[in-house]
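1. Dropping the sequence and predicted coords here.
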Amino acid sequence: MEEFADLLEALVYTRSRNEKLRLIAEYLRETHDPDRGWALGALTDGLDFKAVKSSTVRNLMQDRVDPVLWKLSRDFVGDTAETTSLLWPEPLGDVAPAPTVSEAVAALSAMTRNTAPTELPKMLDRLDPSGRYALIKLATGGMRIGVSSRLAKVAFAQAFEVSVDDVEEYWHALEPPFEELFAWAADGADPPDTENIPLFRPFMLAHPLEETRVDLSDYAAEWKWDGIRVQLVHVAGETRVYSRSGDDISATFPEMVSALDRPAVLDGELLVRGDMQGGEEGGAASFNALQQRLGRKTVSKKMLSESPAFVRLYDVLSWDGEDRRGLEWEKRRGVLEDLVPKLLDSHFDLSQLVEARDFDHLAEIREGTRDAAIEGLMLKKRDSLYIPGRKTGLWYKWKRDPLLIDAVLMYAQRGSGKRSSFYSDYTFGCWDGDPDEGAELLPVGKAYSGFTDAELKKLDRLVRQTTLNRFGPVREVERTLVFEVAFDSVHTSKRHKSGLAMRFPRIHRIRWDKPVHEADRIESLKALIKD
Amino acid sequence: MAAPFSWIKPDPHGIYIPPADCWIDPSRAVDKALVTHGHADHARGGHGKTVATPETLAIMELRYNTRENTRPVGYGETVRLDGGVDATYIPAGHVLGSAQILLEHAGDRVVVTGDYKRRPDPTCPAFEVTPCDIFITEATFGLPLFTHPPIEDEMAKLLSRLDAHPDRCVLVGAYALGKAQRVIAELRAAGHTQPIYLHGAMEKMCRLYEEHGVDLGELRMVMDHDKDDMRGHIVVSPPSALNDRWSRRLPDPITAMASGWMRVRQRARQRNVELPLVISDHADWGELTRTIQEVDPHETWITHGREEALLRWHQLHQRRARALAMVGREDEDE
């Protein structure tokens, strides 16, 4: 455990990506199986111990530290694992030596809800603060060390000089401690067998277009749909639906599982039919309608009939048992256009190409669209192969310009992780009438991005200096500051007092100059609703 | 009869003593000020009269140009103020010249600590426990998670990192008054005899410490040297210079920071620190609570810091306490 704790400690204080890769690769080379595989599982958030959750750890602390002091400490640190590691009372008398990673994993796996409260403390007693931190992170996830699961895989590939695309490919067929993967990469064993498993293939991703202009003879344009990106995989009689991050969401969309019954790997946007929310008849509803169906483990019949899902296909990775990723986009598009008519038309359609004379014409078309289900345009290089990840110059996303309103800062809350102790989450409001005639501000949304570190410090200072009330980690502030808030869309909502909910609100500009009574009114926001 | 202790009045801008018409550590210019130590959130220029230790007055002359109408008071010395108030200056162990001020009036005793710590510090005399009725304390690190490790451990961490990278330098961010000199003196105590390089803003304060008898060994200025001279050496700068363009003149610096806040990982990350050194000139949680038990006052008043947690501790230990909500006293240790 000490080596793993040292690795986490080193990673947290390392800014450079290359140095992070070097640290992880070195650990993976120098550590034995299965410790290194468990560590890799932890770095990629792939471990799950049923009986040990963040709440288990919190409950342990309730018995050891005064609840008020715990709360104040947790609030300051911004992380339960770290707070616990610092506040854990040092054991009296002799303790056993620190456990190895495998020993810790075995113990964590064996714990039940009944035994965890007595077994977990025994493990924590055997560790120093840095080891306690590592153990809790291993058990509960949420590392916050600036290492994505992609970075960990790249480090793995670097450690053993194998291709990261191969690693990604095999990854989803395997589970921690990944012994087959290490055997293949480190010892030259045969690669893991993935033939008959409905595997997730890493997605090809797009860069924002920003200032780039492209030639439409090299790039094809498609609508960018405002749903969720999915991959449908059918192999050996089994269908899976995967989300963008590779999570299996088949149970959430059972109608899609039964809709595909031939060998295929398809890439498209999952949407729900829109007539219920007042969208175009039979067309795609806004994201708000889809949102009702996300994150459910089981789905009611009512939901299935009122908001049925369908997938708008835009790419094909494999068809009739043949891998098509090595074909150019244009060829794959041909395959796709041929195959869509063979699928259930109630559950699949084809994402249409957008025809334009030239780039400026395309820009006009993008400006002109008001369909709620369209988020913007995609530009795909006609000769691009299906390459996992985000390779520059192949695919671009060109989002519609965001909507903007001016709103007033009302409440601020402390952030987590890197921003712990800074007031970095802001609730802002709009006027419910004429502010000069006694109108009030109603909260309309919350944003925690879109500002620089320097601006964050300035905002943090303003919050501390203009606090009116404190409610735990939240401070109510004097109404002095206007934010220009950018957002993708706004919807009706019963959850908020203003009756509105914004999608993807973020701070666009801080209007230090603007008087608060010039901020927008609720009614202007309501005019933008497109449910 | 006046209410008990009506002769001492906490105010957001400092502590006011009505019978003496005099303030302690006021944050704005006043006619008469008693100053505990030279940090900017306690000391400032422009007072009609300033009463402080000779070391603090020297620091204030350097920093705030305070020259006239000063009254030096040595440790253990008592000055009689107007209205029958006696003020005695007692070591606080925080930085050079730092003092607690014991106020006595009509049989009541009040101690104002300013900032303090209980760990040994080669640059100033140790804190002295002074029994009193009201103990007015800081609480900068007033959360139970703050335990400052022994400074020897932090020095060992720093020196081993330096040894491992003979082609680089270790740049230590340290507050220019107090922390920087303490770190240098502790490095000397740990046997590090190599020259130490300084950011320009550090020079005068280091010289002032030397004039007051603190041996800092051989100091060199970064501006007088080439990149290559500094390879394998320690450079000390104010924290604000750590990520500044200034540091580009250094040979591939490893960024370290000496602060009590470094105990919390994400705090260190916020400052882009690669080598956090948990070194503080303030009392940690254990020191704060032990000090209050030793002083055993009738009541504790808390000037600034994490006062909520320290209030809670008082409640749990059936002691009386109140928070004063002083302005502008946040996070001076940064």
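-> Yes, it's here.
2. Do I have it right that A:L87 meets A:S73?
-> Yes: look at A:L87 against A:S73 with CB atoms under 8 Å: they come within range, at 6.1 Å. All C-beta spots, glycine's among them, are computed from the backbone N, C-alpha and C.
3. neighbour-wise, which of these two wins?
-> A:S73 (25 against 21; other CB atoms under 10 Å in any protein chain shown).
4. List the residues that contact the more buried one.
-> A:V65, A:T83, A:L86, A:L87, B:L143, B:P144, B:L145, B:A309 (CB atoms under 8 Å, 6 or more residues apart in numbering or on different chains).
5. Present the residues you listed as TSV; the columns should include pLDDT, distance to A:V490 and secondary structure.
-> Below are the contacts of A:S73 laid out as TSV (pLDDT from 0 to 100; distance: CB to CB, whole Å; DSSP: H, G, I helix; E, B strand; the rest coil):
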residue	pLDDT	distance to A:V490	secondary structure
A:V65	95	43	coil
A:T83	96	37	helix
A:L86	96	42	helix
A:L87	96	43	helix
B:L143	96	41	coil
B:P144	96	44	coil
B:L145	96	41	coil
B:A309	95	41	helix
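6. Mind listing the shared neighbours of A:L87 and A:S73?
-> Listed contacts common to A:L87 and A:S73 are A:V65, B:P144, B:L145; contacts here mean CB under 8 Å, 6+ apart.
7. ok, the last one touching A:D79?
-> Spelled out, it's B:L145. No: assessed by CB under 8 Å, B:L145 is found out of contact with A:D79, at 11.2 Å.
8. Mind checking which of those two has more residues around it?
-> Comparing B:L145 with A:D79 by other CB under 10 Å, the one with more neighbours is B:L145, at 26 against 21.
9. Closest to B:Y16 out of the contacts of A:S73?
-> Of all those, B:A309 has the smallest distance to B:Y16: 26.7 Å, by CB to CB.
10. tally of neighbours for the closest one?
-> B:A309: 26 surrounding residues under other CB under 10 Å.
11. give me every residue that touches it.
-> By CB under 8 Å, 6+ apart, the residues touching B:A309 are A:V68, A:L69, A:L72, A:S73, B:A139, B:G142, B:L143, B:P144.
12. go on, A:W319?
-> A:W319 makes contact with A:P263, A:A264, A:V265, A:V335, A:L339 under the criterion CB under 8 Å, 6+ apart.
13. Let's see that with 10 Å instead.
-> A:W319 makes contact with A:R262, A:P263, A:A264, A:V265, A:L266, A:R332, A:V335, A:L336, A:D338, A:L339, A:K342, according to CB atoms under 10 Å, 6 or more residues apart in numbering or on different chains.
14. How many residues are close by the residue in the stretch 301-450 of chain A that chain B sits nearest to?
-> Across the stretch 301-450 of chain A, the shortest distance to chain B (CB to the nearest CB) belongs to A:S420, at 4.8 Å. Neighbourhood size, A:S420 [other CB under 10 Å]: 23.
15. which residues does it form a beta bridge with?
-> Per DSSP bridges, the residues bridged to A:S420 are A:G415.
16. Same list (the contacts of A:S73) but as a markdown table, adding distance to A:A206.
-> Putting those into a markdown table (distance: CB to CB, whole Å) gives the following:
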| residue | distance to A:A206 |
| --- | --- |
| A:V65 | 48 |
| A:T83 | 39 |
| A:L86 | 42 |
| A:L87 | 45 |
| B:L143 | 45 |
| B:P144 | 48 |
| B:L145 | 43 |
| B:A309 | 48 |
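17. Just say helix, strand or coil for A:A10.
-> Secondary structure assignment for A:A10 (DSSP: H, G, I helix; E, B strand; the rest coil): helix.
18. That one: neighbouring residues, count only.
-> Per other CB under 10 Å, the neighbour tally for A:A10 reads 18.
19. you'd agree it is up against A:G146?
-> No: the pair A:A10 / A:G146 is not scored as a contact, 11.7 Å apart, by CB atoms under 10 Å.
20. can I get the CA coordinates of the helix or strand hosting A:H361 in CSV?
-> Using DSSP states H and E, A:H361 sits within helix A:359-368. This file holds the C-alpha atoms of helix A:359-368, laid out as CSV (Å, rounded to 0.1, in the frame of the first residue of the first chain):
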residue,chain,number,x,y,z
PHE,A,359,-18.8,27.3,-45.8
ASP,A,360,-20.5,30.7,-45.6
HIS,A,361,-23.8,29.1,-46.8
LEU,A,362,-23.3,26.5,-44.1
ALA,A,363,-22.8,29.2,-41.5
GLU,A,364,-26.1,30.7,-42.6
ILE,A,365,-27.9,27.4,-42.3
ARG,A,366,-26.5,27.0,-38.8
GLU,A,367,-27.7,30.4,-37.8
GLY,A,368,-31.1,29.8,-39.2
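21. Which other helices and strands does the following helix or strand past that helix contact?
-> Per DSSP H and E, helix A:359-368 leads on to strand A:374-381 as the next helix or strand towards the C-terminus. Applying 3 or more CB pairs under 10 Å, 6 or more residues apart in numbering or on different chains; DSSP states H and E, one finds that strand A:374-381 makes contact with strand A:219-225, strand A:309-319, helix A:329-339, helix A:359-368, strand A:395-399.
22. Pick the most buried one from those.
-> Of all the helices and strands packed on strand A:374-381, strand A:309-319 carries the top mean neighbour count, a mean of 22, counting by mean count of other CB atoms under 10 Å in any protein chain shown.
23. could you give the angle of that strand to strand A:374-381?
-> Orientation of strand A:309-319 against strand A:374-381 (axes from the mean of the first three to the mean of the last three CA atoms, to 10 degrees) gives an angle of 10 degrees.
24. Parallel or antiparallel, list what pairs with the helix or strand just after strand A:309-319.
-> Next helix or strand after strand A:309-319 toward the C-terminus (DSSP H and E): strand A:322-323. Strands that pair with strand A:322-323, judged by DSSP bridges, come out as strand A:309-319 (antiparallel).
25. Find the residue closest to the residue of chain A found nearest chain B in space, skipping its chain neighbours.
-> Among the residues of chain A, A:L86 lies closest to chain B, at 4.1 Å counting by CB to the nearest CB. Once flanking residues are discounted, A:L86 sits nearest to B:L145: 4.1 Å by CB to CB, 6 or more residues apart in numbering or on different chains.
26. How about B:H233?
-> According to CB to CB, 6+ apart, the nearest residue to B:H233 is B:C169 (5.3 Å).
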